[in-house]
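Student: Generate coordinates for the sequence data below:
(chains A and B)
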Amino acid sequence: MTMIQSGKGFVDLFPPKSDVFTVIESTARDVFTRYGCRELRTPIIEFTELFVRGIGDETDVVQKEMYSFPDRKGRSMTLRPEATAGVLRACIQHKLLRQGDVLKFFTLGPMFRYERPQMGRQRQFHQINVEMLGASSPLVDVDMLFMLHRFLSEIGLTSLEYQLNSLGCPACRPAFQASLENHLRDANPDDLCDDCRRRMHTNPLRVLDCKVPGCRAVAQGAPVITEHNCAPCRTHFDAVIDLLGRSRLQIRLNPMLVRGLDYYQGTTFEVVSTDIGAQSSVAGGGRYDGLIRQLGGPDMPGIGFACGLERLAMLVPEQPEPGVDVFIVAQEESLLEKALEIAQLLRSRRLSVEFPYAQRSMKSQMRSANKAGARFVLMLDKAGQDQCSVQLKDMGSGEQQTLSEGHLAAYLEARIAEYSRAISRPGEQ
RNA sequence: GUGGGUGUAGCUCAGUAGGUAGAGCACCUGGUUGUGGCCCAGGCGGCCGCGCGUUCAAGUCGCGUCAUCCACCCCA
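Tutor: So this is what the prediction gives:
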């Protein structure tokens, strides 16, 4: 039989890396809940039309990266390439959006994009998304950035760069786009690289952050988006900058910051790392004030962001192996049933317990105990017919004592509680 | 979609001018420790990615193919 392996860009996650994901996810739940966000879960398959309308039919994501297929009735379905469209669809469908209310949700799960894999990029990847709907105040923008910063800090990521920009709104962006395109048209085409000669038509903003020297020179004299913003956009953005300026959060203004999805307007931001390869962005988001209406909902503002779990996980150190509280070893086969019984008793008292499922030599069992990271080993031995003696060994000190079966659970609970306190004390903040 | 790198034991990698494969770690067993860790001895484990070709002979050379990685593009 030939072996079947996973598809390109679909990766298996197992310990210890899977533990890193668990830590990131539970930290996210904890932090986001403190900011009033509730968890939402939406389907990973939606009608293709949702993404075409939401993300924009001109975007690369929609044009060439979606996993789309007809279902049995011939309707085009798509594995979600991002989360926002689905979350908004759900809120609209269930009439959760009412004037005056602010809704704050987070959601987490797999996304799918058909791309060539590389470092920090897979075809199935995982995101944590946050959406705050119904409030247009700069206070929301800033609170969301604070929340993102707190989350990233609490998973231990302190040397990330936070970038901020304002993309303008439907009132002012077209004029800026036009003047940028003029600037690029006026430049000598020979100064631009091949990619940029194409980009100046497809996505002119991208020319601004091209690394080729000639393009950078052209970009130098290009119009700056934040200088072309209309008065309301400018007022909003200034307020965001002002509020951030009074906080400890360091943010770099980056007028070249562009987002790949059409729905972004106004405040946009991105968090980047220099340590994870070319795909350096670990989180990104911004305002999408027209999107809810565009998806058939009320005219309400919204803002959100997404974090790439795989990219975060590259930066988070692996967790120490958990280690089992108690490992039970048995001198002879007849005692294995006793081990099962004691294990159940101890586990009901919230201790983690393992024992070998087959009779092996004492040496072998002890090796297993050591490998399992056991803090204590219980050694069962025959003591007359129907009698069993229990010895408890502390694997740290090597000390050993005889215990009566009746006192086992209470005694171990106390010892392990004491043990955990000693371990957690140095880490307390 | 485009470019480049890499594919030898579970993992990390050696493999000399082509002569039918090796290390370290891991794993298993045993010795020494009261009964684990350290140490010692032994053992398990490889169609050298796959196919075709050159050759008396290919892990080693050529072609093709598949997989994987990195980068471009784009994005979290």
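
Student: For the residue in the stretch 301-429 of chain A that RNA strand B sits nearest to, give me its contacts.
Tutor: Taking C-beta to the nearest atom of the strand, RNA strand B has its nearest neighbour within the stretch 301-429 of chain A at residue A:308, 2.5 Å off. The way it works is simple: take the backbone N, C-alpha and C, and place the C-beta from them, glycine included. Taking C-beta atoms under 8 Å, 6 or more residues apart in numbering, we find residue A:308 in contact with A:120, A:125, A:126, A:127, A:281, A:282, A:283.

Student: just checking, the first one touches residue A:277?
Tutor: Spelled out, that is residue A:120. Yes - Residue A:120 is in contact with residue A:277 according to C-beta atoms under 8 Å; the separation is 5.2 Å.

Student: for the residue of the stretch 251-400 of chain A found nearest RNA strand B, phi and psi?
Tutor: In the stretch 251-400 of chain A, the residue found nearest to RNA strand B is residue A:260; the distance is 1.4 Å by C-beta to the nearest atom of the strand. With angles defined as degrees, to the nearest 10, residue A:260 sits at phi -90, psi -10.

Student: That one: how many residues sit nearby?
Tutor: Using other C-beta atoms under 10 Å, residue A:260 has 14 neighbouring residues.

Student: pLDDT score for it?
Tutor: What the model reports for residue A:260 is a pLDDT of 77.

Student: again with the one 3 residues further on
Tutor: The confidence metric pLDDT takes the value 88 at residue A:263.

Student: For it, list the residues it contacts.
Tutor: When contacts are counted by C-beta under 8 Å, 6+ apart, residue A:263 touches A:54, A:55, A:56, A:84, A:288, A:290, A:291, A:294.

Student: Which secondary structure state is assigned to it?
Tutor: Assigned by DSSP: H, G, I helix; E, B strand; the rest coil, the conformation of residue A:263 is coil.

Student: For it, give me phi and psi.
Tutor: phi -70, psi -10.

Student: Mind telling me what element the residue nearest to residue A:374 when sequence neighbours are not counted is part of?
Tutor: Nearest residue to residue A:374 in three dimensions, chain neighbours excluded: residue A:327, at 3.7 Å (C-beta to C-beta, 6 or more residues apart in numbering). Secondary structure assigned from DSSP states H and E places residue A:327 in strand A:326-330.

Student: again with residue A:398
Tutor: Once you assign secondary structure using DSSP H and E, residue A:398 falls outside every helix and strand.

Student: now do the one 3 residues further on
Tutor: Element membership for residue A:401, per DSSP H and E: strand A:400-403.
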